[in-house]
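Asker: take this sequence and fold it.
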Amino acid sequence: MDTKIGSLDSSNPAKTDVGGPPGPTFVSTIQNSVHPSSIAMPDATLGSHIARRLVQVGVTDVFTVPGDFNLTLLDHLIAEPGLTNIGCCNELNAGYAADGYARSRGVGACVVTFTVGGLSILNAIAGAYSENLPVICIVGGPNSNDYGTNRILHHTIGLPDFSQELRCFQTVTCYQAVVNNLEDAHELIDTAISTALKESKPVYISIGCNLPAIPHPTFSREPVPFVLAPKLSNQMGLEAAVEATAEFLNNAVKPVMVGGPKLRVAKAGQAFTELADACGYPIAVMPSAKGMVPEHHPRFIGTYWGAVSTAFCSEIVESADAYLFAGPIFNDYSSVGYSLLLKKDKAIIVQPERVVIANGPTFGCILMKDFFHALAKRLKRNTTAYENYHRIFVPDGVPLKAQPKEALRVNILFKHIQAMLSGDMAVIAETGDSWFNCQKLKLPEGCGYEFQMQYGSIGWSVGATLGYAQAAKNKRVIACIGDGSFQVTAQDVSTMLRCEQNTIIFLINNGGYTIEVEIHDGPYNVIKNWNYTALIDAIHNGEGKCWTAKVRCEQELEEAIEKATGPMKNCLCFIEVIVHKDDTSKELLEWGSRVSAANSRPPNPQ
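Answerer: Numbers count the residues shown, from 1 in each chain. Predicted coordinates:
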């Protein structure tokens with residue numbers, strides 16, 4: 001049976017299931033009492049068709065930067081009543097915003113202009129590709145009559161070859177559509193959108209600038225059913241994989257389960273939790289999967305991150321005689337410079353469509369959700385590993401109480417952020433020491449959490465916060481951003497104000513790129529200090545709701561948080577936190593030295 005995109009069907013690809021709170025559900029215009037073929041729209045245009053398609057798959061906000069090649073297309077997007085245009089300050093932030101939006105909503109979209117816009121947004125699209133996010137990147141392209149001529153256009157590098165942008169996007173998108181005529185536009189656009197949803201990767205769509213306003217018969221019926229055939233597991237392979245896995249795990253003495261970041265793309269968070277409920281194993285989470293596994297689960301033991309794991313977590317995972325990893329990505333960052341003490345012959349690696357048992361038998365064409373559901377019925381209950389964890393566990397220490405007017409410490413800051421968290425909030429952690437400090441936060445049920453670990457692009461969080469908050473209007477976002485990262489993408493705080501968002505931004509000002517300092521220090525890691533609160537006040541300029549504070553001690557921090565969560569709760573709150581340049585988490589110190597060692601390995605002998 002086909003799956004309607006945007007429907008309330010439980011198999012809807014646009015609905016995110018990572019084990020936490022379900023994303024918003026979207027009632028598509030497909031689901032109404034009027035038969036789709038009964039409404040003729042003889043003047044339907046390419047632009048209006050794209051707008052309707054975006055709404056049908058769950059996109060209600062599109063992040064844009066205008067340019068002469070996309071202006072007519074933007075007119076048609078704005079005319080769609082179900083779609084809100086969010087104008088961003090630059091293309092990079094528009095791409096980051098679509099990334100953040102897709103994390104909450106299941107799909108995101110952005111629109112820029114030819115080449116100067118496309119190449120500017122490319123870095124954000126590459127990040128979305130690395131994080132398995134379906135982002136629909138639409139570019140207003142040249143006039144269709146200019147293709148195949150020897151003309152040289154503006155916004156190009158001065159050659160009559162218009163394919164430079166396309167060639168760049170081919171490496172960071174799973175499908176590319178260049179629409180230069182109306183005859184195949186419907187097919188190309190539908191193929192691009194469906195491919196993004198099926199592959200959970202970004203796609204690139206170029207629309208000739210002279211086409212959006214032209215009607216065509218292929219767009220003349222509203223609504224046009226939009227369906228995707230659901231993926232199915234190979235039943236014989238599924239049974240064989242479950243049989244082999246159950247035998248392996250049931251013979252283990254102290255097995256554990258670890259959730260990885262591909263739980264999101266597999267939409268298997270709930271199935272993972274149900275498996276843990278059935279088998280009694282302790283569950284940990286890889287750092288890049290934080291927020292995808294419920295931390296209020298009674299057998300949750302923390303973050304497995306090698307030498308910088310949550311206390312007592314790595315000891316339990318690495319001493320296990322069997323570990324099931326669900327959707328892991330083992331890179332130099334997540335493996336702390338390739339220093340994990342894991343053995344392949346003890347591991348079951350479950351990817352979205354593949355199962356590998358003990359570095360041996362491999363089973364393909366098996367959906368992770370189906371595998372977990374079937375495996376839950378075959379495993380014997382075994383709580384040994386969790387009981388071992390419970391025996392050795394000692395609660396975290398409490399930061400030393402700050403003296404009156406004592407310079408604020410980072411651990412004091414995060415003690416107070418922890419106390420703020422609730423199920424109607426979400427945390428966005430920027431690349432840097434915020435990775436490690438936010439990783440230690442204990443997320444209450446329903447609390448969202450996002451960061452970009454695989455790509456690790458500094459500055460990502462400003463745009464991503466804009467997009468996530470726009471998608472998840474039922475949550476108040478807390479963003480933790482270092483001063484170095486903030487300087488890369490600060491402008492779009494203005495867009496947050498225009499959208500009347502009430503995010504709380506903690507700007508952690510320690511005078512430079514601290515994460516780089518701990519990997520390899522040098523004068524290039526020191527940046528010019530800004531008066532950040534004055535900058536935000538200038539961006540505010542009396543338009544919108546905004547409140548800023550600069551804090552240097554615990555008492556000032558407490559007062560600022562009280563205001564941000566009280567009388568200023570409907571405002572965008574920007575709290576600049578002044579801390580010492582060497583005040584970092586102990587995890588960053590350990591992680592930085594190990595990554596530095598991995599980076600500085602000498603060449604292998606020839």
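Asker: sketch out the low-pLDDT regions of the stretch 151-300 of the chain for me.
Answerer: For the stretch 151-300 of the chain, the stretches with pLDDT under 70 are 221-226.
Asker: and with 80 instead?
Answerer: When residues are selected by pLDDT under 80, those of the stretch 151-300 of the chain lie in 156-157, 160, 220-227.
Asker: what ranges do the helices span in it?
Answerer: 164-169, 185-199, 235-250, 263-266, 269-279 (DSSP state H, counting those that start in this stretch).
Asker: how about those helices, which one is nearest Trp530?
Answerer: Evaluated with C-beta to C-beta, these place helix 164-169 nearest to Trp530, the distance being 32.4 Å. (Glycine included, C-beta is placed from N, CA and C.)
Asker: now tabulate the helices of the stretch 151-300 of the chain in a markdown table and tack on mean neighbour count and distance to Ser144.
Answerer: Formatted as a markdown table, the helices of the stretch 151-300 of the chain follow (neighbours: other C-beta atoms under 10 Å; distance: least, C-beta to C-beta, whole Å):
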| stretch | mean neighbour count | distance to Ser144 |
| --- | --- | --- |
| helix 164-169 | 18 | 15 |
| helix 185-199 | 20 | 11 |
| helix 235-250 | 17 | 46 |
| helix 263-266 | 25 | 35 |
| helix 269-279 | 22 | 44 |
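Asker: for Thr45, which of these is the nearest?
Answerer: For Thr45, the closest of the helices of the stretch 151-300 of the chain is helix 185-199, at 10.1 Å, according to C-beta to C-beta.
Asker: picking that back up, make a markdown table out of the helices of the stretch 151-300 of the chain and add distance to Trp530.
Answerer: Formatted as a markdown table, the helices of the stretch 151-300 of the chain follow (distance: least, C-beta to C-beta, whole Å):
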| stretch | distance to Trp530 |
| --- | --- |
| helix 164-169 | 32 |
| helix 185-199 | 38 |
| helix 235-250 | 54 |
| helix 263-266 | 35 |
| helix 269-279 | 39 |
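Asker: you'd agree Ala126 is up against Val172?
Answerer: Yes - between Ala126 and Val172 there is a contact under C-beta atoms under 8 Å: 4.2 Å.
Asker: of all the helices of the stretch 151-300 of the chain, which one comes closest to Glu576?
Answerer: Of the helices of the stretch 151-300 of the chain, nearest to Glu576 by C-beta to C-beta is helix 263-266, at 32.3 Å.
Asker: how far off centre is the closest one?
Answerer: 11 Å (C-alpha atoms, centre = their mean, to the nearest Å).
Asker: go on, stretch 51-61?
Answerer: Relative to the mean C-alpha coordinate of its chain, stretch 51-61 is positioned 19 Å out (C-alpha atoms, centre = their mean).
Asker: need the pLDDT of the residue nearest the centre of the chain.
Answerer: In the chain, the residue lying closest to the centroid (C-alpha atoms, centre = their mean) is Arg103, at 4.4 Å. Looking at Arg103, its pLDDT reads 97.
Asker: pretty sure it sits against Leu133.
Answerer: Yes - when contacts are counted by C-beta under 8 Å, Arg103 is listed as touching Leu133 (6.6 Å).
Asker: now do the same for the residue nearest to the centre of the chain: helix, strand or coil?
Answerer: Following DSSP: H, G, I helix; E, B strand; the rest coil, we place Arg103 in the helix state.
Asker: which stretches of the stretch 501-606 of the chain have low pLDDT?
Answerer: Within the stretch 501-606 of the chain, the stretches with pLDDT under 80 are 511-526, 581-596, 606.
Asker: hmm, 50 instead?
Answerer: Within the stretch 501-606 of the chain, not a single segment meets pLDDT under 50.
Asker: just to revisit the earlier point, quick one: the residue nearest to the centre of the chain from Gly423, how far?
Answerer: Between Arg103 and Gly423 the computed distance is 17 Å (C-beta to C-beta, to the nearest Å).
Asker: same check, this time on Lys442
Answerer: 13 Å.
Asker: and Glu274, by the same measure?
Answerer: Distance from Glu274 to Gly423, by C-beta to C-beta: 20 Å.
Asker: before we move on, what about Thr431?
Answerer: 26 Å.
Asker: can you show me the helices along the stretch 401-550 of the chain?
Answerer: Here the stretch 401-550 of the chain has its helices, by DSSP H, counting those that start in this stretch, at 410-420, 433-439, 460-471, 483-489, 493-498, 514-519, 532-540.
Asker: from the ones you listed, which stretch is densest packed?
Answerer: Mean neighbour count (mean count of other C-beta atoms under 10 Å) peaks for helix 460-471 among the helices of the stretch 401-550 of the chain, with a mean of 29.
Asker: any idea which of the helices of the stretch 401-550 of the chain scores lowest on pLDDT?
Answerer: helix 514-519 (a mean of 65).
Asker: how does this structure divide into domains?
Answerer: As given by automatic domain parsing, the domain ranges for the chain are 3-228, 235-392, 410-584.
Asker: among those domains, which comes closest to Ser600?
Answerer: Set against Ser600 and scored by C-beta to C-beta, these come closest in domain 410-584, at 8.1 Å.
Asker: end to end on that closest one, go ahead and measure it.
Answerer: End-to-end distance of domain 410-584 (C-alpha to C-alpha, to the nearest Å): 7 Å.
Asker: chain center to that domain, what's the gap?
Answerer: That offset, for domain 410-584, works out to 17 Å (C-alpha atoms, centre = their mean).
Asker: give the burial count for His390, as a bare number.
Answerer: Counted with other C-beta atoms under 10 Å, residues neighbouring His390 total 14.
Asker: quickly find the element holding it.
Answerer: His390 belongs to helix 384-392 when assigned by DSSP states H and E.
Asker: which positions within that helix qualify as buried?
Answerer: Going by neighbour count (16 or more other C-beta atoms under 10 Å), the buried part of helix 384-392 is Thr384, Ala385, Tyr386, Asn388, Tyr389.
Asker: quick one: the first one and Cys279 touch, right?
Answerer: When you say that, I think you mean Thr384. No - using C-beta under 8 Å, Thr384 and Cys279 do not qualify as a contacting pair, with a distance of 11.3 Å.
Asker: separation between the nearest residue to Lys442 once chain neighbours are set aside and Val285?
Answerer: Once flanking residues are discounted, Lys442 sits nearest to Glu295: 5.8 Å by C-beta to C-beta, 6 or more residues apart in numbering. Per C-beta to C-beta, Glu295 is found 8 Å from Val285.
Asker: now Lys586
Answerer: For Lys586, the distance to Val285 - C-beta to C-beta - is 20 Å.
Asker: between the two, which one's more packed in?
Answerer: Higher neighbour count among Lys586 and Val285: Val285, with 30 against 10, using other C-beta under 10 Å.
Asker: partner residues bridging the more buried one?
Answerer: As for beta bridges, Val285 partners with Gly259, Thr303 under DSSP bridges.
Asker: wait, it touches Ile301, no?
Answerer: No - Val285 is beyond contact range of Ile301, at 9.2 Å (criterion: C-beta under 8 Å).
Asker: could you measure Gly484 against Val595, distance?
Answerer: Counting by C-beta to C-beta - Gly484 and Val595 are separated by 17 Å.
Asker: whoops, I mixed them up, Val62
Answerer: Relative to Val595, Val62 is positioned 37 Å away (C-beta to C-beta).
Asker: the more surrounded of those two?
Answerer: The residue with more neighbours, out of Val62 and Val595, is Val62; 28 against 21, by other C-beta under 10 Å.
Asker: what's near enough to touch the closest residue to Val462 other than its chain neighbours?
Answerer: Closest residue to Val462 apart from its sequence neighbours, by C-beta to C-beta, 6+ apart: Thr489 at 4.0 Å. For Thr489, the contact set (C-beta atoms under 8 Å, 6 or more residues apart in numbering) comprises Leu92, Asn93, Tyr96, Gly459, Trp460, Ser461, Val462, Gly463.
Asker: farthest pair within these?
Answerer: The most widely separated members of the contacts of Thr489 are Leu92 and Ser461, with 12.5 Å between them, by C-beta to C-beta.
Asker: count of neighbours near Gln176?
Answerer: Neighbour tally, Gln176, other C-beta under 10 Å: 18.
Asker: no, scratch that, I was asking about Leu71
Answerer: Leu71 has 13 nearby residues by other C-beta under 10 Å.
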